[in-house]
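J.: sequence below, structure please.
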Amino acid sequence: KELRTQGIVTADDDRILYVHPRAGGWVENLYLVTEGDRVERKDELVDFYSPWINQAQLDFITALEENDMVAFDPTRKTELGAKVDALRNSLRILNISPMDLMRIEKGRKVLNTIQLMAPQGGLVTELNVREGTYVEPYQNMFTIVDLSEVWVMVDIYEHQAPWVRKGHKVEITAPAIPGRNWGGVVDFIYPEVDPKSRTLRARIEVSNPDEALLLNMFVQVDLTAGATKHDVLTVPREAVIVTGKREVVVKAQGKGHFQPVEVTTGIWGSERAEIISGLTEGD
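T.: Here you go, the predicted model:
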């Protein structure tokens with residue numbers, strides 16, 4: 001069964017990360033210039049000032065100093081040790097890096113600004129802040145998309161749906177990048193038919209290590225390899241005579257005799273047609 005369709009490259013949802021501040025504050029220094037910039041994991045994004053984060057640092061330093069002063073009181077030492085651990089964890093949750101935590105703990109000084117770093121490498125598809133911007137925790141500062149794996153979304157006509165299954169391998173080409181092809185696997189078929197186009201959507205996972213496939217790029221998708229049946233009876237397409245509701249094949253009887261036989265066909269390929277009933281192998 002030849003199945004070819006068009007698709008659109010989209011981001012893999014599992015590879016989209018949103019960077020939010022964990023507390024309200026101001027962007028003191030922005031290391032990115034524009035949307036489309038590429039970042040690597042742990043690259044610096046902004047220097048961020050937050051009075052709430054600074055207060056959390058001060059509480060942590062105070063607890064450290066109190067803990068140092070009760071070295072000969074085991075009970076109090078245990079209580080303050082637990083408090084120090086809790087405050088250290090609070091700073092981690094506020095996106096204080098391990099290096100900055102070490103600096104605070106050793107130097108016993110509040111860092112006026114902290115550095116927010118990229119949690120993964122990829123392209124910055126949204127940049128919603130500028131230097132001097134005040135942001136709240138609910139605001140998305142950056143969207144970072146890893147394009148090393150992408151999805152290709154394709155529409156399949158409902159009469160083709162039985163031939164597309166999860167796990168089928170497909171081949172993808174891009175008109176914008178002639179001479180190359182990519183392998184993909186059908187990852188998910190959405191269980192809903194569009195009432196207007198009478199199509200359903202399939203999602204294909206594609207490895208894209210050099211990030212040649214870009215978001216929203218049009219591609220050609222060949223699903224033929226997955227839509228294949230094996231060990232079926234076939235005849236040449238031109239051997240089947242379609243007359244109204246009947247499908248007929250003329251069978252040779254030998255010695256110049258022939259007999260029209262009514263058959264039931266299955267898949268019609270580019271050269272051969274499947275015979276479900278009416279003939280046997282060797283006829």
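J.: going forward, measure contacts between C-alpha atoms and count neighbours the same way
T.: OK.
J.: which stretches of the stretch 51-200 of the chain form helices?
T.: Here the stretch 51-200 of the chain has its helices, by DSSP state H, counting those that start in this stretch, at 51-68, 74-93, 98-107.
J.: output the ones you listed as CSV; include the columns distance to residue 31, mean neighbour count and mean pLDDT.
T.: Shown next, in CSV, are the helices of the stretch 51-200 of the chain (distance: least, CA to CA, whole Å; neighbours: other CA atoms under 10 Å; pLDDT from 0 to 100):
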stretch, distance to residue 31, mean neighbour count, mean pLDDT
helix 51-68, 21, 18, 93
helix 74-93, 22, 16, 90
helix 98-107, 18, 14, 92
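J.: mind checking which of these is nearest residue 272?
T.: For the helices of the stretch 51-200 of the chain, proximity to residue 272 was assessed by CA to CA; helix 74-93 is nearest, at 63.5 Å.
J.: could you dump stretch 246-256 to PDB, C-alpha only?
T.: Extracted in PDB, the C-alpha atoms of stretch 246-256 (Å, rounded to 0.1, in the frame of the first residue of the first chain):
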ATOM      1  CA  ARG A 246     -18.300  -7.000  -9.700                       C
ATOM      2  CA  GLU A 247     -14.600  -7.600 -10.000                       C
ATOM      3  CA  VAL A 248     -13.700 -10.300 -12.500                       C
ATOM      4  CA  VAL A 249     -10.500 -12.100 -13.500                       C
ATOM      5  CA  VAL A 250     -10.300 -14.300 -16.600                       C
ATOM      6  CA  LYS A 251      -8.800 -17.600 -15.600                       C
ATOM      7  CA  ALA A 252      -7.100 -19.800 -18.100                       C
ATOM      8  CA  GLN A 253      -8.500 -23.400 -18.200                       C
ATOM      9  CA  GLY A 254      -6.000 -24.800 -20.600                       C
ATOM     10  CA  LYS A 255      -6.200 -25.900 -24.200                       C
ATOM     11  CA  GLY A 256      -7.400 -22.400 -25.200                       C
END
